[in-house]
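Participant: Okay, predicted coordinates and the sequence, questions at the end:
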Amino acid sequence: MQLTVNGQNYNVDVEDDMPLLWVLRDELGITGPKYGCGIAMCGACTVHIDGQAMRSCSVPAGQVDGSEVTTIEGLGSPEALHAVQAAWIEEQVAQCGYCQSGQIMAAAAFLSINPEPTDSDIDQAMSANLCRCGTYPRIRAAVKNAAAKLQGV
Amino acid sequence: MGVVKIARRTFLIGTVAVAGGVAFGYYQYRRPLPNPLLDSLGTGEAAITPYVKIDANGVTLITPRADKGQGAYSIQAYLLAEELDVDPLNVNLSVGVPSKAYYNSRVMDEAFPFAATDDSAVANTVRGAGDVVTRMMGMQMTGGSSTVPDGYEKLRHAGAVARETLKEAAAVKTGVRRSQLTTEDAHVILPDGTRLSYTELAPIAAQTEPVTDVVLREPGQWRYLGKEIQRTDIVGKSTGREKYGIDVSMDNMLFATVRANPGFGGDMRGYDASAAEAMRGVKKIVPVTSGVGVVADNTWRAFRAAEAIEIDWGPGPYPATSAEMWDVLDAHIDEAYQDHRNKNVGDVETPLARGQEAVEAEYRLPYLAHAPLEPMNATVLLEDDRIDIWTGTQIPRFIENHVATLTGLAHDNIHIHVQPMGGSFGHRLEDTYVLQAVEIAKAMKGTPIKMTWSREEDMTHDYPRPMALAKARGKVKPGAVEACDLDIVCQSIATSWFGRLKAAPPGPDQTISTGAWDQPYDIPNYRVTGYRAPEMVPVSSWRSVAASGNGFIHEGFLDELIHAAGADPLEERIRLCNHNVSRKVLEAVGDMCSWSGFSLGENRGRGVAFVISFGVPVAEVVDVTDTPEGIRIDRVYVACDVGRVLDPINLEAQVTGGVIFGLGHAMNCELTYEDYAPQQTNYHAYEAMRLYQAPEIEVRALENLDQIRGIGEPGVPPAAPALANAIFAATGKRIRELPLNKQIQFV
């Protein structure tokens, strides 16, 4: 099947029901999206599919045929940071960091549809992503920081 | 050229030449100490443990204590850089290779029968013995909130020696006296402003006697330490570039997983893999200890094939259900099973026997999984004469020993490459997953195998925190706590964990009651007794180890006594406190939340708890609201004392993370057993805290302690009791069993 990931086209030969996560990680070597639970409970595998935040562990590859997939690697790079990544660095959010690819992808998609979120909007949008280290207060701060950056404040 | 000195002290610095440069580090003890372990050491080069390497590739800081998210790599780099005068964000960082010489002299601190507040000569002598023991065992281990206490002097010293030796090299090269030289940003600066890079001086430094009579800089001179510094791994972790063990990749690598008996340690009687063998991508089915490994060309295919294997499991080596396990604990809270009584002050029996009723309570704590978000994994390549292992671990040297036994390979041929960890909380003090991967690799010689546990495999083989039962009795008089008697029973973490290392210590395991017996209170009649239950589910250290559970018991019951006495929960703790530094911590948290005379208002409650663990006193105040939908945690105030704050941003992160870890598990987490297996197999049933539930957390770090301490764990223990005490204040409901959501809902 045809996949477009971070602007690059790939031809992969996998079962239709292989989760996108394992296509990315084990077939394409794109390891930013993480495996945490496999049942869409933790959000560590969050990517954008046609701009929307999705749990790649629970999206069958067959459904993504022809879609545009963006992973954390495609959102920005250390040399050209996305505003959300820059905010995450400024607030020094990460501890172990394992969930943060997913947190950042969730935040970026959320801010693209809700550029001026209230505190309760942030709480709602970001609560589906689990962090075992307990970085939640800084995630809140980083989402606000990123919203301001994206607004050019 | 190694410069081998012989001395008794551990601060023994040397240099060795490396290709195109020099490495600075410590020698291990050698003669004249009668140390058979070290007689086997090789040449000077083998004996040196580098912390700073300078060659054609530039300056490399080597940070051997592993990073599971707590910021260990970063603080080790800053400790070296502070004296070396380099910018840790602009030099190379390496975690080095496992070596006996990277022993951790402080990781055993909590294993001795002296409270952290005990400054007696006997206590300090025995703690000194811990240094020798850990060195003999080559205890290169990360844990016990010990990275900073262990490295604070050592790493700055290594940085200073490297700097002065580079200056000496510059003196040799230019003829200018060393005392006239300065250093800045990886350069030696001559009086005329000429800059000589460390890289160009390195080959000369390698031929120079190391300058070891260095004086460490005073904190007032520090550039990085104590300031707001940037974690060295923050950019990688914010851009998806950080590579964890699970991200290891190499040519021709295959993917694997394991299904082992969910009755942890039970046998596999037999299996039928015929359906799995026929599945796409499956390369090999390999029996491993207690289970089966599957090798495939994709992790998901391995997961699916593993599920398709029909396996006949033997029973687990412990009671089949939680109910039966509680019966075991109940039966062992008895004189016949007394393990130790580390606290026995005054006479608890007399006041308890006297007249009026005693306060009595029973506390229960469940098994708790570590459940770090990165599941256990290891990548192994076994070849004819060597094995390479890439994995996140806190115990590389122990893995080396186990792998030597498992493969018959000599230690020199076992190469462990420690990877950054996506959390651990103590789970990576175990190596079952690594040994399984090695068993699979033995059947796949020459092919690298990346073995990953499914979340379900991870949850069922977690080596959880032990369940515990406590019976408490106490007596009060108006306004004051008079007697407190705690009986605590659980299985021994030390017996279980050291048993797996084939080094089970004889004698009592005081961690059964640590966090309760060692608290700094002068209760006139005060007794804490630990009882040993037999081994059940294999258990291990869970972030803050014994203090996490015993803190809940001790601080919950103390709160009950204070309430019964009609005293103020904070004021009475302060009155009872016999340790100045701890008292100031209690006073600070009272100040932060305006404890005195402050009213929260309708349906709200405030609870306080204090626990000293790993030598760090921590007081927490939790504010909750009893809403119609359940308890909402509004705010947490934390005061702590680590002696000296080296990285204020990370300290705040570790404390807030510890609070959330403590609160979340207290709210809704437990492992319960049915048919030998934990019933909670994924995060849907083991959720802890979500972002919308996270309170605002305010942290104040004091610096009154006379020695520096680590903060990765001590924020955890007071959180659960402070929450339960707050719920009591808001609702009048005293909850003595975790998780709290058995009896109350949270919003």
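Facilitator: Yes, it's here.

Participant: So which residue is dead centre in chain A?
Facilitator: Nearest residue to the geometric centre of chain A (CA atoms, centre = their mean): A:Met105, 2.4 Å.

Participant: For it, give me its contacts.
Facilitator: By CB atoms under 8 Å, 6 or more residues apart in numbering or on different chains, A:Met105 lies in contact with A:Pro33, A:Thr46, A:Val47, A:His48, A:Ala53, A:Thr70, A:Thr71, A:Ile72, A:Leu75. From N, CA and C alone the C-beta is placed, and that goes for glycine too.

Participant: burial of B:Ala369, as a residue count?
Facilitator: 24 (other CB atoms under 10 Å in any protein chain shown).

Participant: Could I get the contacting residues of it?
Facilitator: If you count contacts by CB under 8 Å, 6+ apart, B:Ala369 has them with B:Met459, B:Asp462, B:Pro464, B:Cys669, B:Leu671, B:Pro678, B:Gln680, B:Tyr686.

Participant: ranges for the strands of chain A?
Facilitator: A:2-5, A:8-11, A:46-49, A:52-55, A:68-70 (DSSP state E).

Participant: most packed of these?
Facilitator: Highest mean neighbour count of the strands of chain A: strand A:46-49, a mean of 25 (counted as mean count of other CB atoms under 10 Å in any protein chain shown).

Participant: Identify all contacting residues around that strand.
Facilitator: For strand A:46-49, contacts defined as CB under 8 Å, 6+ apart pick out A:20, A:24, A:33, A:53-56, A:59, A:64, A:67-72, A:75, A:101-103, A:105-106, A:108-109, A:129.

Participant: hmm, try it at 10 Å
Facilitator: A:5-6, A:20-21, A:24, A:30, A:32-34, A:40, A:53-57, A:59, A:63-64, A:67-75, A:99, A:101-109, A:112, A:128-129 (CB atoms under 10 Å, 6 or more residues apart in numbering or on different chains).

Participant: So among these, which ones count as buried?
Facilitator: Buried members of those, counted by 16 or more other CB atoms under 10 Å in any protein chain shown: A:5-6, A:20-21, A:24, A:30, A:32-34, A:40, A:53-57, A:59, A:64, A:67, A:69-75, A:99, A:101-109, A:128-129.

Participant: and those, which of them are in helices?
Facilitator: Among the buried ones among the contacts of strand A:46-49, DSSP state H puts A:20-21, A:72-75, A:101-109 in helices.

Participant: Closest one of those residues to B:Leu435?
Facilitator: A:Leu21 (26.9 Å; CB to CB).

Participant: B:Ile744 contacts B:Ala726, correct?
Facilitator: No - the criterion here is CB atoms under 10 Å, and B:Ile744 misses it with B:Ala726 at 11.4 Å.

Participant: how about low-confidence regions in the chain?
Facilitator: Unless you meant another one, I'm taking chain A. For chain A, applying pLDDT under 70 flags the ranges A:153.

Participant: ah, I was thinking of chain B
Facilitator: Residues of chain B that meet the criterion pLDDT under 70 lie in B:1-13, B:26-49, B:97-114, B:119-145, B:355-356.

Participant: on that earlier part again, restrict the contacts of B:Ala369 to those near chain A?
Facilitator: Among those, the ones lying near chain A by CB under 10 Å from any CB of the partner chain are B:Met459, B:Tyr686.

Participant: Neighbour-wise, give me the winner out of the contacts of B:Ala369.
Facilitator: Among these, the one with the most neighbours (other CB under 10 Å) is B:Asp462, at 29 neighbours.

Participant: For it, list the residues it contacts.
Facilitator: B:264, B:367-372, B:376, B:425-427, B:430, B:537-540, B:542, B:671, B:678, B:680, B:686.

Participant: where's it relative to B:Val258, distance?
Facilitator: Distance from B:Asp462 to B:Val258, counting by CB to CB, to the nearest Å: 14 Å.

Participant: now B:Glu674
Facilitator: Separation of B:Glu674 from B:Val258 (CB to CB) stands at 22 Å.

Participant: quick one, which of these two is more surrounded?
Facilitator: Neighbour count, other CB under 10 Å: between B:Glu674 and B:Val258, B:Val258 has more, with 27 against 11.

Participant: Can you name the residues that contact that one?
Facilitator: Counted by CB under 10 Å, 6+ apart, B:Val258 has contacts B:286, B:288-294, B:302, B:306, B:376, B:432-433, B:436-437, B:439-440, B:451-454, B:457, B:461.

Participant: Try it again at 7 Å.
Facilitator: The contact partners of B:Val258, by CB atoms under 7 Å, 6 or more residues apart in numbering or on different chains, come to B:Val288, B:Gly291, B:Gly293, B:Gln436, B:Met451, B:Trp453, B:Glu457.

Participant: Would you double-check that the last one falls in a strand?
Facilitator: The one in question is B:Glu457. No - counting by DSSP: H, G, I helix; E, B strand; the rest coil, B:Glu457 is not part of a strand but helix.

Participant: Pretty sure it sits against B:Asn261.
Facilitator: No - B:Glu457 is not in contact with B:Asn261 according to CB atoms under 7 Å; the separation is 10.8 Å.

Participant: picking up where we left off before, so for B:Ile744 and B:Ala726, which residue has more residues nearby?
Facilitator: B:Ala726 (29 against 17).

Participant: and chain A, what are its domains?
Facilitator: A:2-73, A:83-150 (automatic domain parsing).
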